[in-house]
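[1] Need the 3D shape of this:
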Amino acid sequence: AALSAGYDFLRRLDHALRLTAERSTKLPAAEHPLLTEISRRLNFSAPGELLENVADSRRAVRRAYEEILN
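    Alright, predicted model coming up:
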């Protein structure tokens, strides 16, 4: 479930990045206006909330991946 949820979230994030930055790219810095726009597209209240969700999602995917390998 964690892998599926993580994939779904990161896919939506990539889509928002492509629509906003008009290319696939790394996440902009926290103070960059594009991050505010991406956060809004993904229904987060602020860029910080989006960044926290990205970090949480990455950790959950990593834990699930490590459980599968061990």
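
[2] what about stretch 16-28, how long is it end to end?
    End-to-end distance for stretch 16-28, by Cα to Cα, to the nearest Å: 12 Å.

[3] Now do the buried residues in that stretch.
    Residues of stretch 16-28 classed as buried: 16-17, 20-21, 27-28 (neighbour count, 16 or more other Cβ atoms under 10 Å). For the C-beta atoms, the positions are set from N, CA and C on the backbone; glycine is no exception.

[4] which one of those residues is nearest E37?
    E37 lies nearest to T20 out of the buried residues of stretch 16-28, by Cβ to Cβ, at 5.0 Å.

[5] Worst mean pLDDT across the helices and strands of this protein, which element?
    helix 2-21 (a mean of 86; mean pLDDT, DSSP states H and E).

[6] buried stuff in that one?
    The neighbour-count check on helix 2-21 (16+ other Cβ under 10 Å) flags 6, 9, 13, 16-17, 20-21 as buried.

[7] and which of the residues you listed is nearest to Y65?
    G6 (9.2 Å).

[8] Could you pull up the residues touching the closest one?
    Counting by Cβ atoms under 8 Å, 6 or more residues apart in numbering, G6 touches 57-58, 60-61, 64.

[9] The residue nearest to it when sequence neighbours are not counted: neighbour count?
    Here the nearest residue to G6 in space, its sequence neighbours aside, is V61; by Cβ to Cβ, 6 or more residues apart in numbering that works out to 3.6 Å. V61: 18 surrounding residues under other Cβ atoms under 10 Å.
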